[in-house]
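> What would the 3D arrangement of this be:
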Amino acid sequence: MADLQNDVPAATEVGQGDWLPDDPFPAETDRELLGRAHALLAEHPVADGYSGLPRALEPLPWYDLELGETAVDTDVPRLREGHVGALFWSLQVAPDERAVGATLEQLDLARRVVEAHPEGLRMVRSAGQIIDARHCGRVAVVLGPASAAAVDDSLGILRVLHSLGLRVLSLAGAAWAGEEGLTRFGEEVVREMNRLGVLADLSGAPEAALARVLALSKTPVLCTRSAAAAVRPHPANLSDDLLARLGEHKGVCMVPLTAEQTGPTVQDVADHLDHVRVVAGPECVALSGTYDSGAAHPRDLADTSCYPRLIAELLGRGWSEPELALLTWGNVQRALRSADFTARASQRRRDPNQPRPTDPEE
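Below is the predicted model:
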């Protein structure tokens, strides 16, 4: 509450007719909005689209996420304070690492972390399992995004990763998803992802590849770390044209809470969310905390406990409760449910295939 009050402008900065900092009414309004935010999030928790927690935990000699862990931005008490119901764990690896082996090690670490914290975390593979985890009082852990390099140009490896729980694959940096769009092998990767129920993450992918995936994919795509370029230019942020296309295909733009991409304040993040809601539509915007990724975060959004402050800001801007329910939970659930449904239908019609980019027709 003190943090919210500290954001009140000085008396010399307010215009005629605005309330003054010593007026008790704004403080009451802030408390009311924060209370409404907590109530809304209790019903519609946050599905956080990107967390670097596994890699952040890797160098620590000991940690206890259920008790609380100050060495990272995420632990079970703060997840509950922030009303986080689901968390996508990044399995991305550094360019100089052996991508397949390093991704498998990240998968193994993620499983060990969840198994060590059974009272707070639960590994899930589907939208239905996320609901089950929530009903049991656990935070659902969804595996992904993983780097495209982890596939190593093999649909067989993609299938193995999916069998180990992978649900999101990033296409950024893939040789088969470049400036010219998708190669024929890249199109087969997208089709196989649809058949398996693996969602495509297009953050950082070239525009031509993004456009081709949108046209080809039978399931919604995600942009797990993309904000609005019109509000703040950044290589990973999306132009209004791309946001509009994403909205047409019912994809999900997951706005990151990072100072570099969205700005240094809660208000800056809210500006991006406002813009994406207008351009892509309220059914196509979600949240990506990007905690434990090494990124700096906006003031008052330092860790996973801070989501109510952002929701209070949006309530103050006139977002309706149905729109906020889509933002925090509904849009991500819709994308996962669509992927699950498409996978079940596709597996009845289509057998796995095994093209490689070195095939003559490629």
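> what separates the residue nearest the centre of the chain from P220, distance-wise?
Nearest to the geometric centre of the chain sits G49, at 1.5 Å (C-alpha atoms, centre = their mean). Computed as C-beta to C-beta, to the nearest Å, the G49 to P220 distance reads 13 Å. Any C-beta I mention is one placed from the backbone N, CA and C, and that applies to glycine too.
> tell me, what's touching the two both at once?
V252 (C-beta atoms under 8 Å, 6 or more residues apart in numbering).
> Could you give the separation of the host helix or strand of V142 from the chain centroid?
For V142, the enclosing helix or strand under DSSP states H and E is strand 139-143. Relative to the centre of its chain, strand 139-143 is centred 12 Å away, using C-alpha atoms, centre = their mean, to the nearest Å.
> Also stretch 63-75?
Distance, centroid of stretch 63-75 to centroid of chain: 20 Å (C-alpha atoms, centre = their mean).
> Going by neighbour count, list what's buried in it.
Residues of stretch 63-75 classed as buried under the neighbour-count rule (16 or more other C-beta atoms under 10 Å) are 63, 65, 69, 72-75.
> Kindly report the same for stretch 126-137.
Buried, per 16+ other C-beta under 10 Å, within stretch 126-137: 126-127, 129-130, 133-134.
> Give me the average confidence score over that stretch.
Stretch 126-137 shows an average pLDDT of 97 in the prediction.
> chain center to it, what's the gap?
With C-alpha atoms, centre = their mean as the basis, stretch 126-137 stands 18 Å off its chain's centre.
> Other residues contacting that stretch?
45, 47, 85-86, 122, 124, 139-140, 142, 197, 333, 336-337, 340.
> immediately after the strand holding V142, which helix or strand?
Next along the chain after strand 139-143, taking DSSP H and E as the criterion, comes helix 155-163.
> which sections of the stretch 51-200 of the chain are below the confidence cut-off?
By pLDDT under 70, the stretch 51-200 of the chain has no low-scoring segment.
> what about the strands in it?
84-89, 121-123, 139-143, 168-170, 177-178, 181-182, 199-201 (DSSP state E, counting those that start in this stretch).
> picking up where we left off before, nearest to L324, out of the contacts of stretch 126-137: which one, please.
P45 (11.4 Å; C-beta to C-beta).
> What's the local residue count around the closest one?
22 (other C-beta atoms under 10 Å).
> Just give the number of residues close to the nearest residue to it once chain neighbours are set aside.
Excluding the flanking residues, the one nearest P45 by C-beta to C-beta, 6 or more residues apart in numbering is G85, at 3.1 Å. Using other C-beta under 10 Å, G85 has 24 neighbouring residues.
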